[in-house]
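Engineer: got a predicted structure plus its sequence, pasted below:
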Amino acid sequence: MVLAVGRGSTHPVPSFTYDRTVRVTLTAKGVRVEYRIELDDFTVLKDGAEIIKPEELSKLRSPEAIRDAFAKAISGFMIDRIHATQDESDLVFRALKPPEKNKDHLYYDFFFEADWPATLAAGQKFKLILENPPKDSIHLEKGRIDLGFADEQRIRLTDKKEPDPDLKSLTNLLLAPKIEALLRTLSATLEPNQAKLPATPQATEPPPEPTPAEPPSIFAQMRKRGLTALLESNLGLGLLLLLALGFGAAHALTPGHGKTLVAAYLVGERGTVGHAFLLGLVTTITHTGIVIILAAMLPWLLARVAAEQVQAILGFVGGFLIAGMGLWLLLKRLSGQADHVHLGESDHHHHGHGHHHHHPPTGEKVRIWSLIMLGISGGIVPCWDAIALLAWSIAARQVQLGLPL
């Protein structure tokens, strides 16, 4: 649990957004753009399935390979959406070097450059726009945008216009189209006659080649990367299943899903062990089934409905069913249909005032349909930790582990 806490705090829930930090540097030769995108593994998985070639995607086996293929594939989309001009002439961007990625927190750094299409002259206007993609493409139109000039420029700029810092702090929900356009645009006037070129650094000897290190142990990988490391090691699979078993047992002991109502129903209706088994089986099938369905629908749902609304709707449905079942049992009790509880074998007893009465044998009143409805009501509310675990297995390309976990 300690290992999981540190890892979990660095990863958001699936949002399918790209937070972008873009810094632009103008030189005597052209324009350089350092472009960072921050996103989550769910976005990489969903959008990667759309932009990575199917024949290449089918060969990828590890999360690292998927992330590398995603970064390579998305680079072209990002270049196409950088529109820069020198007066009326368009600049043509290209990748300067392969993207760099951070392993502890999922972000990529891309490096693009473009040559000036015309000879530099004083008074020329430079303008750069991060264009919105088509609506049917990947989700680069969603997320935070931080666009600006780099602190150090290689030529002198005047009349610089950059997005206002107060606008950058607004969420997407508060941005009108015209305001969002301001976040995506910067401009300046070029003054090449007053260039600020840095001194040429002295040549230094390249550092020696590092000695190959021994592969880190599974415990060292877990300390650095959290429980994700277990999915990529055969040694960790058994421990991962044991952890899932322990967490599942602890989860089953916590309140929720009408467990108290289930026990009261079985006792009050003289349920047998077989009835209890059937009730547990129906609850398990319903609870697991709704998790699988929601995990499969997660990308579609979160793109249209907030996660808390999905949980609220299902919680209302399950709570309504449980409350209805409780009211029905209460009415039966008040009407005298279930006013005695028998724990012994005898089917009758005396009250000590001259009369006795009989009761049906154990289990006679229990209806199978009632058990099924009670099981469905107890299991229909999903647990988001189970959905996250299943989606996590899918994102890590370990689909076969989803159901066992």
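Structural biologist: On my side now, so go ahead.

Engineer: okay, residue 17 and residue 40: tell me how far apart.
Structural biologist: 9 Å (C-beta to C-beta, to the nearest Å). Bear in mind the C-beta positions are built from the backbone N, C-alpha and C, glycine included.

Engineer: sorry, slip of the keys, the one I care about is residue 99.
Structural biologist: Taking C-beta to C-beta, one finds residue 99 at 17 Å from residue 40.

Engineer: again, but for residue 115
Structural biologist: Relative to residue 40, and taking C-beta to C-beta, residue 115 is found at 35 Å.

Engineer: now the helix or strand hosting residue 392: buried residues?
Structural biologist: Per DSSP states H and E, residue 392 falls inside helix 384-395. Residues of helix 384-395 classed as buried: 386, 387, 388, 389, 390, 391, 392, 393, 394, 395 (neighbour count, 16 or more other C-beta atoms under 10 Å).

Engineer: show me the shaky parts of the stretch 301-405 of the chain.
Structural biologist: 301-311, 314, 318, 337-366, 394-399 (pLDDT under 70).

Engineer: mind listing the strands for it?
Structural biologist: 348-350, 356-358 (DSSP state E, counting those that start in this stretch).

Engineer: same thing with the stretch 151-300 of the chain?
Structural biologist: Counting by DSSP E, counting those that start in this stretch, the strands of the stretch 151-300 of the chain are 156-161, 185-191.

Engineer: and the helix holding residue 392, what does it pack onto?
Structural biologist: helix 41-51, helix 273-304 (3 or more C-beta pairs under 8 Å, 6 or more residues apart in numbering; DSSP states H and E).

Engineer: pLDDT below threshold where in the stretch 151-300 of the chain?
Structural biologist: 169-178, 193-216, 218, 221-222, 224-236, 256-258, 260, 298-300.

Engineer: could you measure from residue 167 over to residue 181?
Structural biologist: 11 Å.

Engineer: and which of the buried residues of helix 384-395 is nearest to residue 35?
Structural biologist: residue 395 (23.8 Å; C-beta to C-beta).

Engineer: am I right that residue 31 sits in a strand?
Structural biologist: Yes: under DSSP: H, G, I helix; E, B strand; the rest coil, residue 31 sits within a strand.

Engineer: beta partners for it?
Structural biologist: residue 26, residue 114 (DSSP bridges).

Engineer: restricting to C-alpha, output the host helix or strand of residue 110 in CSV.
Structural biologist: Here residue 110 sits within strand 107-115, counting by DSSP H and E. Taking Å, rounded to 0.1, in the frame of the first residue of the first chain, the C-alpha atoms of strand 107-115 are listed here in CSV:
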residue,chain,number,x,y,z
TYR,A,107,5.2,13.9,-20.4
TYR,A,108,7.1,14.2,-23.7
ASP,A,109,9.4,17.0,-24.9
PHE,A,110,9.3,17.6,-28.7
PHE,A,111,11.8,19.8,-30.6
PHE,A,112,10.9,21.4,-33.9
GLU,A,113,12.6,23.9,-36.1
ALA,A,114,12.0,25.9,-39.3
ASP,A,115,14.2,28.1,-41.5
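
Engineer: what about residue 244, how many residues nearby?
Structural biologist: 15 (other C-beta atoms under 10 Å).

Engineer: can you pull the contacts of it?
Structural biologist: Residues near residue 244 by C-beta atoms under 8 Å, 6 or more residues apart in numbering: 389, 404, 405.

Engineer: so who does the nearest residue to residue 123 once chain neighbours are set aside touch?
Structural biologist: Excluding its sequence neighbours, the residue lying closest to residue 123 (C-beta to C-beta, 6 or more residues apart in numbering) is residue 189, at 6.4 Å. If you count contacts by C-beta under 8 Å, 6+ apart, residue 189 has them with 123, 124, 125, 126, 157, 158, 159.

Engineer: quick one: the helices in the stretch 151-300 of the chain, in order.
Structural biologist: Remark: helices assigned in the stretch 151-300 of the chain by DSSP state H, counting those that start in this stretch are 165-168, 177-183, 218-225, 228-231, 234-253, 259-268, 273-304.

Engineer: would a markdown table of these with distance to residue 81 be doable?
Structural biologist: Rendered in a markdown table, the data for the helices of the stretch 151-300 of the chain read as follows (distance: least, C-beta to C-beta, whole Å):
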| stretch | distance to residue 81 |
| --- | --- |
| helix 165-168 | 18 |
| helix 177-183 | 14 |
| helix 218-225 | 32 |
| helix 228-231 | 31 |
| helix 234-253 | 40 |
| helix 259-268 | 52 |
| helix 273-304 | 20 |
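
Engineer: and among those, the most buried is which?
Structural biologist: A comparison of those by mean neighbour count, using mean count of other C-beta atoms under 10 Å, puts helix 228-231 on top with a mean of 20.

Engineer: neighbours around residue 47, how many?
Structural biologist: Neighbours of residue 47 (other C-beta under 10 Å): 22.

Engineer: next one: it from residue 269, what distance?
Structural biologist: 52 Å.

Engineer: next: residue 378.
Structural biologist: Distance from residue 378 to residue 269, by C-beta to C-beta: 15 Å.

Engineer: now residue 333
Structural biologist: For residue 333 relative to residue 269 (C-beta to C-beta), the value is 11 Å.

Engineer: so which of those two has more stuff around it?
Structural biologist: residue 269 (22 against 12).

Engineer: pop out the phi and psi values for the more buried one.
Structural biologist: phi -100, psi 10 (degrees, to the nearest 10).

Engineer: roughly how far does it sit from residue 328?
Structural biologist: 11 Å.

Engineer: coming back round to it: can I get the helices and strands packed on helix 384-395 in a markdown table with distance to residue 67?
Structural biologist: Shown next, in a markdown table, are those (distance: least, C-beta to C-beta, whole Å):
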| stretch | distance to residue 67 |
| --- | --- |
| helix 41-51 | 6 |
| helix 273-304 | 18 |
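
Engineer: what's the neighbour count on residue 401?
Structural biologist: 19.

Engineer: for it, which non-adjacent residue is spatially closest?
Structural biologist: Nearest one to residue 401, counting by C-beta to C-beta, 6+ apart, is residue 393 at 4.7 Å.
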